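Asks: 3D, please:
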Amino acid sequence: MPRSLDGLVLAPVVDQAPGQVGTRTRFSYHEKDGEIWAEYAGGDVVRGHLVGTREGDRLDFRYVQLKQDGTTSSGHCASTVVELSDGRVRLEETWEWESQPGSGTSVVEQVTEHDS
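Replies: Numbering: from 1, shown residues only. The predicted structure is shown next:
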């Protein structure tokens, strides 16, 4: 059985483009019965939410966020859950904006208490 994301805090390992999530962004994940959701904030993002589903090690979700400049944006992401050798969780993500041009890949990893 794949490890639950419920209660985990994850952060990007590298900064994305300006106005997007970055290493200061923290995602607080929740999971129940194949549903996943998270709140996130930090860096250029004032507030963000994602909601979707999980099947095995695959996540499929949509996200929406409010940025520091007062603009909003939304998109779609598919992620693979990977368990690292130290027991932490990594999400390998492929995302695409739906509200503006742009797409890419990113990696977020579980934050330990001394990292937060």
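
Asks: can you pull up the bridge partners for the residue most central in space within the chain?
Replies: Most central in the chain under C-alpha atoms, centre = their mean is residue 27, positioned 5.7 Å from the mean C-alpha point. Under DSSP bridges, the beta-bridge partners of residue 27 are residue 10, residue 40.

Asks: quick one: contacts for it?
Replies: 9, 10, 11, 38, 39, 40, 50, 108 (C-beta atoms under 8 Å, 6 or more residues apart in numbering). C-beta: built from backbone N, CA, C; applies to glycine.

Asks: among those, which ones are buried?
Replies: Among the contacts of residue 27, the ones that count as buried by 16 or more other C-beta atoms under 10 Å are 9, 10, 11, 38, 40, 50, 108.

Asks: what's the spacing between the closest residue to residue 35 other than its chain neighbours and residue 83?
Replies: Leaving out its chain neighbours, the residue that sits closest to residue 35 by C-beta to C-beta, 6 or more residues apart in numbering is residue 53, at 6.3 Å. Here the criterion is C-beta to C-beta, to the nearest Å. By it, residue 53 lies 20 Å from residue 83.
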